[in-house]
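Asker: build me a structure from this.
(one chain, ligands or ions: 1)
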Amino acid sequence: MFLAAGVGQVLERLGGQGGLPLRVVLWDGREFPLSDEPLATVRVKRPQALTALSHPTLLSLAEAYVNGDLDLEGDLDAAIRAAESLARDEGGPLFVRDGAAPRSHTREEDSAAIRHHYDVANGFYALWLDPRMVYSCAYFRTESDSLEQAQLNKLDHICRKLRLDADEQFLDIGCGWGALILHAAKKYGARATGITLSEQQFEWTQRRIREEGLQHRCRVLLEDYRDHQSPAPYDKIASVGMFEHVGIANLPTYFATVRRLLRERGLFMNHGITSSSSDGVAVGMGAGEFIDRYVFPQGEIPHLHRVVRDMSDQDFEVHDVECLRPHYAKTLRHWSANFERRLSQAVMASSEKTARVWRLYLAGCAHAFDQRWTSIHQILASRQVNPGRTELPLTREWIYR
Ligand SMILES: C[S@@+](CC[C@H](N)C(=O)[O-])C[C@H]1O[C@@H](n2cnc3c(N)ncnc32)[C@H](O)[C@@H]1O
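Answerer: Reported below is the predicted structural model:
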């Protein structure tokens, strides 16, 4: 408690970090720069908030900010690096078993978790995503690609890897605001179906399909991937930034569902976040708990080897794996910079608390990908129930043509 710890003790603790790039401003106006040229200002709004700084974890610091006990101004990345340095100093491991009971991921639980995250408001997401509203890692062909260009590159990268062709039946599991199905139908002539659990995304995508005049080859459904039925199997299936919601124990069900929906020798692209911990346990120091409690309830990320194993068990042959980690750090920095520029609008489009959560989550995840706390992989595989030759060319040159 602050009164026990005292301002002096807390400042001594912060000062002992060897020059954190922060200025601390107390509720009574007293200012304490912790280095010669502080990059960010932490405003301690009330004495109780010092508790969060006396034995900080990334969760306690984040909660103090989300609850409005602390304010942050200036260079958010510098503040996050400083927070990590403080939390690390408390001695916790980088990866921890969170001790939570395994999640069952019933349809009701998953649906509630999706509504929590994605149904904030379409206008809220439009403030900081690219104009197509793509909400997954972009693909930067050059360092200076804009976010919009890099998201378009990503849509093409996926369609090319899938060798998507005119009139092929294409399914996008977890289609977000529909960017991939619209692109697949418009540019590649595919017959595209998207499914989402978010009502707001569903309505948005329905409208976009109408606006583009693509009703004859594009549709969106509001349903759980486990319930999706199709009269004929799909030629190609993508899942982009979705399988993080599935749950590690449910990966066999998930890949079995894709196998059920895909034709023999059909191609499947799984693009998703992977853990850097080979055990697939959560990031420690309170970071994983913050994401679980405030951002992605029920989210779970497996290590790459677990994904490949569970895919192989469902008769998928893995052809190509690409790590996009630097691309996600860049994507998140674009989102975070957009969010910083439009912070007051983000508050109006959601709430003060939601905007505070998302502000930390976007900048914090950029840091997490930079630091390799988490990674992301595109895995291209084909359904190979009957052994034999694949439909793929001998080399991967087709992807880059
Ligand atoms: C991070 S968003 C990615 C959206 C999109 N693929 C993109 O790249 O912009 C995750 C998507 O997965 C969907 N999703 C999550 N769990 C799902 C489930 N059980 N069934 C269907 N869709 C699900 C969400 O509704 C959301 O559209």
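Asker: what sits against the closest residue to T374 other than its chain neighbours?
Answerer: Ranked by Cβ to Cβ, 6 or more residues apart in numbering and with sequence neighbours excluded, the top spatial neighbour of T374 is A368, at 5.2 Å. Any C-beta I mention is one placed from the backbone N, CA and C, and that applies to glycine too. For A368, the contacting residues are 283, 287, 374, by Cβ atoms under 8 Å, 6 or more residues apart in numbering.
Asker: export those residues to CSV and tack on neighbour count, distance to the ligand and pLDDT?
Answerer: Written out in CSV, the entries for the contacts of A368 read as follows (neighbours: other Cβ atoms under 10 Å; distance: Cβ to the nearest ligand atom, whole Å; pLDDT from 0 to 100):
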residue, neighbour count, distance to the ligand, pLDDT
V283, 25, 18, 72
A287, 26, 19, 77
T374, 21, 14, 92
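Asker: dump those into CSV; add secondary structure and distance to D165 as well.
Answerer: Formatted as CSV, the contacts of A368 follow (DSSP: H, G, I helix; E, B strand; the rest coil; distance: Cβ to Cβ, whole Å):
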residue, secondary structure, distance to D165
V283, strand, 40
A287, helix, 42
T374, strand, 34
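Asker: L324: which of these is nearest?
Answerer: Each of the contacts of A368 was checked against L324 using Cβ to Cβ; the closest is T374, at 11.5 Å.
Asker: how about whichever residue of the stretch 301-401 of the chain sits closest to the ligand, nearest residue that isn't a chain neighbour?
Answerer: Proximity of the stretch 301-401 of the chain to the ligand (Cβ to the nearest ligand atom) peaks at T331, 10.6 Å away. Setting aside the residues directly before and after it, T331 is nearest to A138 in space (Cβ to Cβ, 6+ apart), at 4.4 Å.
Asker: surely D172 is within a strand?
Answerer: Yes. Assigned with DSSP: H, G, I helix; E, B strand; the rest coil, D172 falls within a strand.
Asker: show the contacting residues for the closest residue to it other than its chain neighbours.
Answerer: Excluding the flanking residues, the one nearest D172 by Cβ to Cβ, 6+ apart is G194, at 4.5 Å. Contact criterion Cβ under 8 Å, 6+ apart gives 171-172, 175, 178, 180-181, 205, 218-221 as the residues in contact with G194.
Asker: so G194, which of the three states?
Answerer: Three-state assignment for G194 (three-state DSSP): strand.
Asker: find me the pLDDT at it, would you?
Answerer: Reported pLDDT at G194 in the predicted model: 98.
Asker: beta-bridge partners for it, please?
Answerer: Per DSSP bridges, the residues bridged to G194 are D172, V220.
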